[in-house]
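In: can't give you the sequence, but here's the structure:
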């Protein structure tokens with residue numbers, strides 16, 4: 001069940017102020033600035049809410065009031081930033097999409113992506129987390145990598161901005 005602000009459809013189709021059933025058979029959920037995503041028990045990714053920067057990954061920039069599956073890929077984890085989304089597929093590959101104005105997608109550009117885009121070619125990622133305009137992920141070798149906005153030092157590398165991967169020393 002979801003409740004709270006509903007200005008961009010992030011609670012699904014309900015307009016009541018209390019909890020509302022949005023989707024069934026869910027094993028994990030993530031909430032972003034104005035969008036939400038859930039991974040079903042069948043490992044499918046469903047997203048809904050604001051989509052002004054392609055953060056729903058459905059090849060559009062139209063807001064969605066109901067959960068919509070993002071293709072047929074199988075997902076292990078999802079993390080949402082302000083207007084971007086990153087996820088780990090079951091094979092350990094890392095994918096990101098949405099706003100990329102601060103390099104938060106990790107693809108080495110600042111170009112918006114409105115479909116899931118693989119970040120690198122590795123399949124050795126085990127965890128991902130997203131902040132407002134930054135992303136960090138952990139590889140299977142226990143190294144932490146971060147990229148995106150860094151105006152407050154959130155990447156931990158001592159620089160003001162890092163659009164590409166930054167390995168954080170243990």
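Out: Now that the structure is in, tell me what you want to look at. Quantities reported herein were computed from a predicted structural model and do not represent experimental measurements.
In: number of nearby residues for residue 119?
Out: Per other Cβ atoms under 10 Å, the neighbour tally for residue 119 reads 22. The C-beta positions use only the backbone N, C-alpha and C, and glycine is treated the same way.
In: again with residue 33
Out: Using other Cβ under 10 Å: residue 33 sits among 18 other residues.
In: Just give the number of residues close to the nearest residue to residue 95 once chain neighbours are set aside.
Out: With Cβ to Cβ, 6 or more residues apart in numbering as the criterion, residue 95 has its nearest non-adjacent residue at 4.2 Å, and that residue is residue 116. A count of nearby residues for residue 116, using other Cβ under 10 Å, gives 23.
In: isn't residue 116 right up against residue 57?
Out: Yes. With contact defined as Cβ atoms under 8 Å, residue 116 counts as touching residue 57 (5.1 Å).
In: overlap in contacts of those two?
Out: Here residue 116 and residue 57 share the contacting residues 70, 97, scored by Cβ atoms under 8 Å, 6 or more residues apart in numbering.
In: I'd like to know how far the residue most central in space within the chain sits from residue 43.
Out: The centroid of the chain falls nearest to residue 85 when counting by Cα atoms, centre = their mean (1.9 Å). The gap separating residue 85 from residue 43 is 16 Å, by Cβ to Cβ, to the nearest Å.
In: packing partners for the host helix or strand of the residue nearest to the centre of the chain?
Out: Element membership for residue 85 (DSSP states H and E) is strand 84-89. Packed against strand 84-89 by the contact rule (3 or more Cβ pairs under 8 Å, 6 or more residues apart in numbering; DSSP states H and E) you find strand 35-40, strand 75-80, strand 94-98, strand 125-130, strand 134-139.
In: Let's see the pLDDT reported for the residue nearest to residue 95.
Out: We have a pLDDT of 98 for residue 116.
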